[in-house]
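>>> Quick one: sequence plus predicted model below, questions after.
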Amino acid sequence: MPQFSRDSFEQNRQLMTFIQSLAELHHATPAQVSLAWMLNRKPYIVPIPGTRHETRLRENIGAADIMMTADEVKKIDEMQDKMPMSRVFGGSKVVAQGA
């Protein structure tokens, strides 16, 4: 999977560092920021996180209280747009090799 290749490590690290900084800014966890980002993208996108623990369920619910700015959502989108993804995660960014 391209997003997990050695070459993608730096982009992954930059994205995670940015998400961590947003988590600190919003007094939230990175998981909450990730869910909030999905909730703030489009009104028809509804993330369905799974959990087996009540504490994670409460954490997930807390994502609804995070009000991200349009710039924060855009920045995450832009960072992800530069990352190659496999077909499992959208497929549109996969470039066939050797074709």
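Structure's in. What do you need? Computed from a predicted structure; not experimentally measured.

>>> All the helices of the chain, in order from the start?
Counting by DSSP state H, the chain has these helices, from start to end: 9-25, 30-41, 54-62, 70-81.

>>> Tell me how far the last one lies from the chain's centre.
Think helix 70-81. Taking the mean of its C-alpha atoms, helix 70-81 sits 9 Å from the chain's own mean (C-alpha atoms, centre = their mean, to the nearest Å).

>>> now do the first one
Relative to the centre of its chain, helix 9-25 is centred 10 Å away, using C-alpha atoms, centre = their mean.

>>> Which positions within that helix qualify as buried?
Within helix 9-25, the residues that count as buried by 16 or more other C-beta atoms under 10 Å are Leu15, Ile19, Leu22, Ala23. To be clear about C-beta, it is placed using only N, CA and C from the backbone, and glycine gets the same treatment.

>>> Please name every helix or strand in contact with that helix.
helix 30-41, helix 70-81 (3 or more C-beta pairs under 8 Å, 6 or more residues apart in numbering; DSSP states H and E).

>>> right, so these: which one is the most enclosed?
helix 30-41 (a mean of 19; mean count of other C-beta atoms under 10 Å).

>>> how close does the residue nearest the centre of the chain get to His26?
For the chain, the residue nearest the mean C-alpha position is Ser34 (4.6 Å; C-alpha atoms, centre = their mean). From Ser34 over to His26 the distance is 12 Å, taken as C-beta to C-beta, to the nearest Å.

>>> Please apply the same query to Ile61.
15 Å.

>>> Just send the helices of the chain back as JSON lines, with distance to Pro47 and mean pLDDT too.
Conversion of the helices of the chain to JSON lines gives the following (distance: least, C-beta to C-beta, whole Å; pLDDT from 0 to 100):
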{"stretch": "helix 9-25", "distance to Pro47": "15", "mean pLDDT": "90"}
{"stretch": "helix 30-41", "distance to Pro47": "4", "mean pLDDT": "93"}
{"stretch": "helix 54-62", "distance to Pro47": "9", "mean pLDDT": "93"}
{"stretch": "helix 70-81", "distance to Pro47": "14", "mean pLDDT": "92"}
